[in-house]
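**Q** My questions concern the predicted model and sequence given below.
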Amino acid sequence: MDRKNDGLRLMDGAGYKKIIIACDSYKGCLSSREVNEAIASGVKEWNADAASPEIITLEMSDGGEGMLDAFLSAMKGERVRIHAHDALMRWIEAEYGIVDDTAIIEIAQTAGLALIEPEQRNPMKATSWGVGEMIMNAYRRGVRRFIVGLGGSATSDCGIGMLKAMGDDWKKIRQECSFVLASDVTNPLCGENGAAHVFAPQKGADAKMVQMLDDRARKFAEVSAIHFGYDRSEAPGAGAAGGLGYAFLQYFNAEARPGAELLLEKIEVDVLIQDADLVITGEGHSDRQTLMGKLPQRILEHVTNQKIWLVSGGVSDRKAMLDAGFDRVVQVTPEEMPLDEAMKPEVARNNIIKAIREQFAL
């Protein structure tokens with residue numbers, strides 16, 4: 001369907017009766033919830049003297065940081081706090097969720113890059129041990145179904161740390177448990193498009209370390225393939241989270257799903273938006289990669305008769321976004337504003353509110 005010429009876009013301005021706001025986080029600046037709330041504030045300020053539309057905010061995540069909050073917000077589960085280890089084996093407090101019979105594991109809670117000081121980041125040393133601790137804690141509580149968000153990791157250990165933390169119990173977990181991986185990463189484990197070459201430099205690896213990590217991953221995959229009689233190192237997503245994706249695929253027969261789409265399915269987004277007039281989505285920065293399966297594009301695929309706006313901190317290719325089907329593409333950061341100023345949470349919030357007021361006034 002040509003969304004722009006379907007003859008169904010007649011409502012504008014004060015005519016909006018139901019607005020859905022579902023934005024990803026502005027990473028390093030505002031959480032998904034904070035972005036949604038800022039947009040809602042902009043709508044309410046613009047419409048202060050009129051009958052306010054119904055506004056529904058949906059906390060979003062693609063499987064990275066914020067995934068736990070997004071899933072618990074959508075599915076109304078229990079938050080469990082435990083003592084575990086970060087990627088440098090330092091004791092921390094970490095959280096996971098339980099919804100009915102399913103555990104929601106955000107690996108960034110323990111193996112997250114954001115937990116490690118920049119000068120301490122070293123994927124040769126970083127371990128996914130804490131991820132194993134979270135899974136074991138849930139397993140001992142009787143949980144046998146897991147949704148695992150693979151994003152924001154400091155590690156490149158192929159999940160070896162996680163497996164070691166489980167000890168011999170990994171064999172029982174393999175037999176008794178099911179895993180769904182929430183991740184938009186489709187990279188294989190090894191090679192020039194693998195975990196080490198693509199992602200390790202962001203985690204503190206130099207060129208020599210990248211090659212060593214790739215060699216280590218290849219060796220681990222070879223040994224594992226001999227043990228199991230099959231090899232998942234080339235499977236899409238094996239390279240996610242420093243090879244954690246591979247460990248789940250190879251050792252636990254996990255199913256990999258796009259993180260954003262998995263969450264949209266859980267919240268039954270098609271039902272939520274069917275009687276909406278306007279859907280607003282967005283992210284920290286939108287460019288052509290947005291249209292390659294990132295959250296705004298996933299939401300766009302679910303929109304049929306509604307107007308849809310893309311509201312992002314920065315926008316690199318407005319025409320591509322409009323051509324894809326977004327009715328409006330809004331950059332909230334003024335062109336003349338320095339990035340370090342725009343990244344301040346209160347500045348970003350004010351920019352969002354101002355931009356939304358201006359858009360509704362058009």
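**A** Perfect, thanks for sending it.
**Q** Endpoints of stretch 141-148, how far apart?
**A** According to Cα to Cα, to the nearest Å, stretch 141-148 extends 17 Å from its N-terminal end residue to its C-terminal end residue.
**Q** which residues touch it?
**A** Contacting residues not belonging to stretch 141-148 are listed as 71, 80, 98, 101-105, 107, 135, 138, 176-182, 248, 254, 262 [Cβ atoms under 8 Å, 6 or more residues apart in numbering]. Backbone N, C-alpha and C define where each C-beta goes, glycine included.
**Q** Who does the residue nearest to Phe252 when sequence neighbours are not counted form a beta bridge with?
**A** With Cβ to Cβ, 6 or more residues apart in numbering as the measure, Phe179 is the residue that lies nearest to Phe252, at 5.0 Å, once sequence neighbours are left out. In this structure, Phe179 has beta-bridge partners Phe146, where bridges are defined by DSSP bridges.
**Q** Surely Phe179 and Gly245 touch.
**A** No - the pair formed by Phe179 and Gly245 falls short of the contact definition of Cβ atoms under 8 Å, at 10.6 Å.
**Q** which neighbours do the two share?
**A** Taking Cβ under 8 Å, 6+ apart as the criterion, Phe179 and Gly245 both touch Ala254.
**Q** re earlier: from the contacts of stretch 141-148, list the buried ones, please.
**A** Buried members of the contacts of stretch 141-148, counted by 16 or more other Cβ atoms under 10 Å: 71, 80, 98, 102-105, 107, 135, 138, 177, 179, 181-182, 248, 254, 262.
**Q** returning to that earlier point: for the residue nearest to Phe252, what are its contacts?
**A** Contacts of Phe179 (Cβ under 8 Å, 6+ apart): 146-148, 248, 252-255.
**Q** Have a look at the protein and report its longest helix.
**A** Among the segments of the chain that qualify as a helix by DSSP state H, the longest is helix 207-228.
**Q** any idea of the angle the helix or strand just after that one forms with helix 207-228?
**A** Of the helices and strands lying after helix 207-228 in sequence (DSSP states H and E), the nearest is helix 244-252. Between helix 244-252 and helix 207-228, the angle formed by their directions is 10 degrees, by axes from the mean of the first three to the mean of the last three Cα atoms, to 10 degrees.
**Q** Give me the packing partners of the very next helix or strand once past helix 244-252, helices and strands only.
**A** On the C-terminal side of helix 244-252, the nearest following helix or strand under DSSP H and E is strand 255-257. Contacts defined by 3 or more Cβ pairs under 8 Å, 6 or more residues apart in numbering; DSSP states H and E place strand 255-257 against strand 178-182.
**Q** which residues touch the spatially most central residue of the chain?
**A** Ranked by distance to the mean C-alpha position of the chain (Cα atoms, centre = their mean), the top residue is Asp62 at 2.5 Å. Taking Cβ under 8 Å, 6+ apart as the contact definition, Asp62 lies against 24, 151, 182-184, 258-260, 294-295.
**Q** Then Ala342?
**A** Ala342 makes contact with 29, 313, 333, 348, 351, according to Cβ under 8 Å, 6+ apart.
**Q** of all the residues you listed, which comes closest to Val271?
**A** Among these, Gly313 lies closest to Val271 (Cβ to Cβ), at 29.6 Å.
**Q** what mean pLDDT would you report for stretch 196-207?
**A** Along stretch 196-207, the predicted local confidence has a mean pLDDT of 96.
**Q** got the buried residues for that stretch?
**A** 196-200, 203-205.
**Q** Can you redo these as a markdown table, where the extra columns are distance to Val303 and secondary structure?
**A** Supplementary listing: these in a markdown table, determined by distance: Cβ to Cβ, whole Å; DSSP: H, G, I helix; E, B strand; the rest coil:
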| residue | distance to Val303 | secondary structure |
| --- | --- | --- |
| Ala196 | 38 | helix |
| His197 | 36 | helix |
| Val198 | 31 | helix |
| Phe199 | 31 | helix |
| Ala200 | 37 | helix |
| Lys203 | 36 | helix |
| Gly204 | 40 | coil |
| Ala205 | 40 | coil |
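**Q** among the contacts of Asp62, which are in helices?
**A** The helices in this structure, assigned by DSSP H, contain 259-260, 295 from the contacts of Asp62.
**Q** which stretches of the stretch 1-150 of the chain have low pLDDT?
**A** Across the stretch 1-150 of the chain, the ranges flagged by pLDDT under 70 are 1-14, 48-51.
**Q** 50 - rerun?
**A** Low-confidence regions of the stretch 1-150 of the chain, defined by pLDDT under 50, span residues 1-13.
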